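Engineer: This is a predicted model, with the sequence first.
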Amino acid sequence: MTNTTPDGSFSAQERAAMKQRAAELKAEAKRAKGAEKAAAEAADVLAKIAQMPAGDREMAEHLHAIVAEVGPDLSPKLYYGQPGYARDGKVVVFFRSGQLDKTRYSTFGVSTEAALDDASGFWPTSYALIEPTEEAWERVREVVRRAAG
């Protein structure tokens, strides 16, 4: 999300995402540890996916199923108000709804926690999603598998 204003200040969308993240962190701090916290975070992610506009909702559901299949050690967790999947509390992969962000495409991304380092010193950290084909979903599946380590 790079929608800064011409003067370099944060856009309304960026400010809203930061407020959402602060609320998430506050809610996390109030929750109990362990299974109760994990169940609440998973419910938050599923609720967020259910609220997404058609198209993005289906992509987020598909990604959610892929992560459950090939990265079962990753736990659902909201990340800047959108679905993320974490290991030891740190998000590894995430989905951003293009429609909610008011951008041209949705994004599947990986964080610095992902195990994707390439010997060349160059690798992608995000991918645009617009009506992905089965081939594209296979590529997403492979990225999740590698990112999950």
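Structural biologist: Great, that's in hand.

Engineer: drop to CA atoms for contacts and neighbour counts, all remaining ones
Structural biologist: Noted.

Engineer: what about the strands in this structure?
Structural biologist: Using DSSP state E, the strands of the chain run over 75-79, 82-87, 90-96, 106-110, 126-129.

Engineer: remind me which residues of this structure are low pLDDT?
Structural biologist: Scanning the chain for pLDDT under 70 picks out 1-4, 30-33.

Engineer: what residue lies at the spatial centre of this structure?
Structural biologist: In the chain, the centroid-proximal residue (Cα atoms, centre = their mean) is residue 94; its distance is 1.8 Å.

Engineer: Residue 28: how many residues sit nearby?
Structural biologist: Neighbour count of residue 28, defined by other Cα atoms under 10 Å: 15.

Engineer: got it, and residue 109?
Structural biologist: 20.

Engineer: Leaving out sequence neighbours, find the closest residue to it.
Structural biologist: In this structure, residue 109 finds its nearest non-sequential neighbour in residue 126, 3.9 Å apart by Cα to Cα, 6 or more residues apart in numbering.

Engineer: Tell me if I'm right that the one you found and residue 108 touch.
Structural biologist: Yes. The pair residue 126 / residue 108 is scored as a contact, 5.6 Å apart, by Cα atoms under 8 Å.
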